[in-house]
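*Asks:* Generate coordinates for the sequence data below:
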Amino acid sequence: MSRSLASSFHTVGPAVRRVAVVLMCLLLGAGCKSRLEFPQDMGEPLPKHVKLEIPTAIKELSADYVDNCGHMQKRPLGSQLEDALVEGAYRTFKFVSYEGGGTKGTTPEAVVRVDLVNWSFKLLDGTVYDRVPADVKLNAMARVLDLNGKLLRESEIKIARQERVRIEPMQKNCDYIIDPFLQDTAIEFATKVSLEARQAFGGKIAGASGTTASAAPPAAAAAAPVAAVAVPGMSSSASSLRFKATVLDENGNLLFEGGEQIRVRVDLVNSGSQEVQSAAVTLTGTPSLLAQFPTTTLSAGRLQPGQSRSVEFVATLPHSVQAQKAELQVTVFDPATGAPPAQTFPLSIQPTGAKADDIDQIPVAASGFKRPHTYLVSIGIGSYREEQLSMRKYAAADAELLTNYFQSLGGLPASNVRLLQDWKALRPDIDEALLDWLPPHMNKDAVVIVYFAGLATVAPTGDVYLVPYDGNTTNASRSYSLKDLEAALSRLKAKQTLFFFDGMVARLGGDSRTKPGLPQWNPAGSSTVHVIATNGTGKVVEDDSHRHGLFTYYLLRALRGESDLNRDGEVTLGEATAYLNQKVLWASKAKYGQEQRPAVLPPLKANDPLGELTLTKLAAIRAAEIPLPQ
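*Replies:* Numbers count the residues shown, from 1 in each chain. Just a heads-up that it's a prediction; the model follows:
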């Protein structure tokens, strides 16, 4: 679906949206799927015409919560429920009428009415770094009546879902990715309503084995059990138990390091018509990994038809763990109903602080990947003329290694790189690179990357100054103003400019009695994306075990492929910054006892085309070695 079509799609009512789905499928070709993924075993639509009544109380439901930055957010659950109920009705009956649309020209044979009883939505305690538990409960009554008002069937619809939702990595780590969780809730709710309505007419529901089973007769409707529901995305077989397992690590990169906590969450649902009395969940796999879990079997207890429940295994890896490939397998079993297919997760484990990926070894270049219009100015100052300022001992080496990475994986020719280290990074050297060397090379496709590892100062006004080799922390005139850098980059009129900073930010003047200003890394009118090692002042971590700045260490790991979560062989700006936000914060707290939180300014928004800017391309052999996410 194109962006323009998709944006128009959400501005119209349910009836128009349904027509729009068909039109877009015709325009975009075969293979277009509905945007609502309902279970496949709902049966063929009955040759009936029903009127669907959805009260305002449901249409106006809003999931309200406070995000990770303390802002109040609202998500329109009601509109998702309305869309799902309409879609579910069309999957159950050939003809459907509802407020604002539907089948015209014939008289409905019955009314399907859904009334809200109560509901709740909240985010719970128990955050695991970038994930927080979300809980929703939804209780309603579904009634089917004939045109004279006679009740044909009445059923209580209950939904209780809990899932860990992830922080949106493109927006300052503030908001959570809530919408998929709410949409799954809406689909489950609408599926139950639709199956209950089907049974009011003696309809048949496809079973798990692919056969059909007759529904209870209308006279027995009041006592009928809740209809079986296939929760989207869950494993299934002839067993009435269905489940989805998820493996989570603390920093979200699916590389399990010594000292990290591992959680294996298993969501179960009884999709049958009989009670499950003694379901059990079992972990098997690599013995050394299983030994870290206090238990490898958990009871899920009794599950009524349609009821769901979650269990969770938790383990902490020892710091001395050896680098290895491991495997976990999740199985669910009930003596009466059997076992659905197991789920298997291959895992990559590496010790804390180990050079498991040989970060100092330059990766193999991707064949044929060249970027003749991308330029890099890499500045690293670990040794200053004023010796008391020599605070970044790995800065010069970091600048050189980053240069090598961009030449190998980034496709930059050697002529497109300027490396300035220590005493070769005077203010005139920086000026020469920005004002003399770069301008003649610029064109409409040019991308300019500036990397600075070293020291910066911040004035009480928030103005930031980069300290060159001959600068100091007391005199702004001997430093390189960020505003001067911005002006130089702006005059280039490049297609895109990026600025990476890894270093300490000190008070200008050195007077501890003066309150420091908040560093203003994104001056007004700037078109540069700034990726900063820390969003405040003070020291940032130097990783002595790897002999790199912590931020640069993970930047290098990102560029060599660990941030390539979609495994397409390319590392984009969006992938790299999301990886840095998670990894640097986790490593600084877990390994060094201080909080270093990177910043991307201005924040990359979801679906921002700039997030798709390619930084590096991986050689095929390297891409194949990256562990696949589960």
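
*Asks:* so is residue 603 in a helix, a strand, or just coil?
*Replies:* For residue 603, the assignment made with DSSP: H, G, I helix; E, B strand; the rest coil gives coil.

*Asks:* And it, how close does it get to residue 486?
*Replies:* Distance of residue 603 to residue 486, computed by Cβ to Cβ, to the nearest Å: 18 Å. For glycine as for every other residue, the C-beta is placed from the backbone atoms N, C-alpha and C.

*Asks:* Compute the number of surrounding residues for residue 38.
*Replies:* Neighbourhood size, residue 38 [other Cβ atoms under 10 Å]: 18.

*Asks:* For the closest residue in space to residue 435 that isn't next to it in sequence, pull up the helix or strand it's in.
*Replies:* Once flanking residues are discounted, residue 435 sits nearest to residue 488: 6.0 Å by Cβ to Cβ, 6 or more residues apart in numbering. Taking DSSP states H and E as the definition, residue 488 sits inside helix 482-492.

*Asks:* which helices and strands does the next helix or strand along the chain from that helix pack with?
*Replies:* Counting by DSSP H and E, the next helix or strand C-terminal to helix 482-492 is strand 496-507. The elements that strand 496-507 packs onto, with contact taken as 3 or more Cβ pairs under 8 Å, 6 or more residues apart in numbering; DSSP states H and E, are helix 395-408, strand 447-458, helix 482-492, strand 529-532, helix 550-557.

*Asks:* Where does residue 369 sit: helix, strand or coil?
*Replies:* Going by three-state DSSP, the secondary structure assigned to residue 369 is coil.

*Asks:* which ones are touching it?
*Replies:* Counting by Cβ atoms under 8 Å, 6 or more residues apart in numbering, residue 369 makes contact with 411, 617.

*Asks:* Tell me how many other residues surround residue 517.
*Replies:* Based on other Cβ under 10 Å, the number of other residues close to residue 517 is 16.

*Asks:* Please apply the same query to the one 10 residues further on.
*Replies:* Other residues lying near residue 527 total 13 when counted by other Cβ under 10 Å.

*Asks:* same check, this time on the one 4 residues further on
*Replies:* In terms of burial, residue 531 registers 24 neighbours under the definition other Cβ under 10 Å.

*Asks:* Pretty sure it sits against residue 497.
*Replies:* No - with contact defined as Cβ atoms under 8 Å, residue 531 does not reach residue 497; the gap is 11.7 Å.

*Asks:* Let me see the domain layout of this protein.
*Replies:* With automatic domain parsing as the criterion, the domains of the chain are listed as 1-35, 36-227, 233-356, 374-624.

*Asks:* and residue 218, what pLDDT?
*Replies:* With respect to pLDDT, residue 218 scores 34.

*Asks:* and if you look at residue 423?
*Replies:* We have a pLDDT of 88 for residue 423.

*Asks:* for the stretch 301-450 of the chain, what are the low-confidence residue spans?
*Replies:* With pLDDT under 70 as the threshold, the stretch 301-450 of the chain has low-confidence stretches at 352-357, 390.

*Asks:* re the thing from before, quick one: contacts for the residue nearest to residue 435?
*Replies:* By Cβ under 8 Å, 6+ apart, residue 488 lies in contact with 431, 434-435.

*Asks:* returning to what we had before: quick one: which of the helices and strands packed on strand 496-507 is nearest residue 321?
*Replies:* Residue 321 lies closest to helix 550-557 among the helices and strands packed on strand 496-507, at 18.3 Å (Cβ to Cβ).

*Asks:* Check the secondary structure at the nearest residue to residue 107 once chain neighbours are set aside for me.
*Replies:* Nearest residue to residue 107, sequence neighbours excluded (Cβ to Cβ, 6+ apart): residue 49, at 7.2 Å. Using three-state DSSP, the secondary structure recorded for residue 49 is strand.

*Asks:* if we look at the sheet, which residues does residue 49 bridge to?
*Replies:* Residue 49 has the following beta-bridge partners by DSSP bridges: residue 95.

*Asks:* ok, it touching residue 105?
*Replies:* No - when contacts are counted by Cβ under 8 Å, residue 49 is not listed as touching residue 105 (9.9 Å).

*Asks:* So for the two, which sits in the more crowded spot?
*Replies:* Between residue 49 and residue 105, counting by other Cβ under 10 Å, residue 49 is the more crowded of the two (18 against 6).

*Asks:* Pull the contacting residues for the more buried one.
*Replies:* Residues in contact with residue 49 (Cβ under 8 Å, 6+ apart) are 93-97, 103, 106-109.

*Asks:* Mind checking which of these are buried?
*Replies:* Among the contacts of residue 49, those scoring as buried are 93, 95-97, 103, 108 (criterion: 16 or more other Cβ atoms under 10 Å).

*Asks:* one step back: who wins for neighbours among the contacts of residue 488?
*Replies:* The contacts of residue 488, ranked by neighbours (other Cβ under 10 Å): first place residue 434, 22 neighbours.

*Asks:* where does that one fall, phi/psi-wise?
*Replies:* When quoted as degrees, to the nearest 10, the phi and psi of residue 434 stand at phi -80, psi -40.

*Asks:* That one and residue 418: what is the separation?
*Replies:* 9 Å.

*Asks:* any residues in contact with both of the two?
*Replies:* In contact with both residue 434 and residue 418: residue 377, using Cβ under 8 Å, 6+ apart.

*Asks:* Where does residue 588 sit: helix, strand or coil?
*Replies:* helix.

*Asks:* Residue 386 against residue 472, yeah?
*Replies:* Yes - with contact defined as Cβ under 8 Å, residue 386 reaches residue 472; the gap is 5.4 Å.

*Asks:* Name the residue in these two with the higher neighbour count.
*Replies:* Taking other Cβ under 10 Å, residue 386 and residue 472 do not tie; residue 472 has more neighbours (19 against 14).

*Asks:* pLDDT score assigned to residue 629?
*Replies:* Per the predicted model, pLDDT is 37 at residue 629.

*Asks:* I misspoke; the intended subject was residue 119.
*Replies:* So, for residue 119, pLDDT stands at 90.

*Asks:* ok, it - contacts?
*Replies:* Here residue 119 is in contact with 61, 136-139 (criterion: Cβ under 8 Å, 6+ apart).

*Asks:* Spatially nearest residue to residue 47 (excluding sequence neighbours)?
*Replies:* residue 94 (5.4 Å).

*Asks:* same thing with residue 163?
*Replies:* In space, residue 163 is closest to residue 181, 5.4 Å off (Cβ to Cβ, 6+ apart).

*Asks:* List the contacts of the one you found.
*Replies:* 134, 136, 161, 163, 165.

*Asks:* For burial, what's the neighbour tally of the last one?
*Replies:* Which is residue 165. The number of residues packed near residue 165 is 20, by other Cβ under 10 Å.

*Asks:* Work out for me the element it sits within.
*Replies:* strand 151-166.

*Asks:* The first one now?
*Replies:* Using DSSP H and E, the secondary-structure element containing residue 134 is strand 131-146.

*Asks:* so for that strand, what's the average pLDDT?
*Replies:* pLDDT averaged over strand 131-146 gives 88.

*Asks:* Now do that strand against strand 151-166, angle only.
*Replies:* Angle of strand 131-146 versus strand 151-166, following axes from the mean of the first three to the mean of the last three Cα atoms, to 10 degrees, is 170 degrees.
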